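*Asks:* Below is the sequence, then the predicted model.
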Amino acid sequence: MVTRVTVDDCLKYCVDFLDCVGVDVNWNLTPIQCWPHTNVNDYIESNIYSQPYTDSYQLITRCAATGIIHFLSSETNSAFYPQRDG
């Protein structure tokens, strides 16, 4: 578990941590808690459950050459693109 200020900070942490395949974000605390996942099996149907104040973001694309990064959000069931610096 790591602490960050924003959801984007948690997602950027995951992108920078090469073994990370996704992150759970507990936004009920300040600073928010990030729980990185390093096992893709954490995202199979039998391992997914709902927890109050926690959203899950599965890393779908990480391309260093193009800078394209996107996550699948459990909250909206849609792609989520963290804001990039610059």
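*Replies:* That came through, no problem.

*Asks:* so how many other residues sit close to His70?
*Replies:* His70 is flanked by 18 other residues according to other C-beta atoms under 10 Å. C-beta here means a position set from N, CA and C on the backbone, and glycine is covered the same way.

*Asks:* mind checking how far it is from Val25?
*Replies:* 16 Å (C-beta to C-beta, to the nearest Å).

*Asks:* just Val40 next, same as before
*Replies:* In this view, Val40 and Val25 are 18 Å apart by C-beta to C-beta.

*Asks:* what about the two, which has more around it?
*Replies:* Taking neighbours as other C-beta under 10 Å, Val40 and Val25 compare with Val25 leading, 24 against 11.

*Asks:* Can you spell out which helices and strands pack onto the helix or strand in which the more buried one is found?
*Replies:* Val25 belongs to strand 22-26 when assigned by DSSP states H and E. Contact here means 3 or more C-beta pairs under 8 Å, 6 or more residues apart in numbering; DSSP states H and E; on that basis strand 22-26 packs against helix 7-16, strand 32-37, strand 54-63.

*Asks:* And the average pLDDT for that strand is what?
*Replies:* Per-residue pLDDT values over strand 22-26 give a mean of 89.

*Asks:* Now do that strand: everything it contacts.
*Replies:* The contact list for strand 22-26, computed with C-beta atoms under 8 Å, 6 or more residues apart in numbering, reads 7, 10-11, 13-14, 32-37, 42-43, 51, 53-59, 71.

*Asks:* Narrow the residues you listed to just the buried residues.
*Replies:* Taking 16 or more other C-beta atoms under 10 Å as the criterion, what is buried in the contacts of strand 22-26 is 7, 10-11, 13-14, 32-34, 36-37, 43, 54-59, 71.
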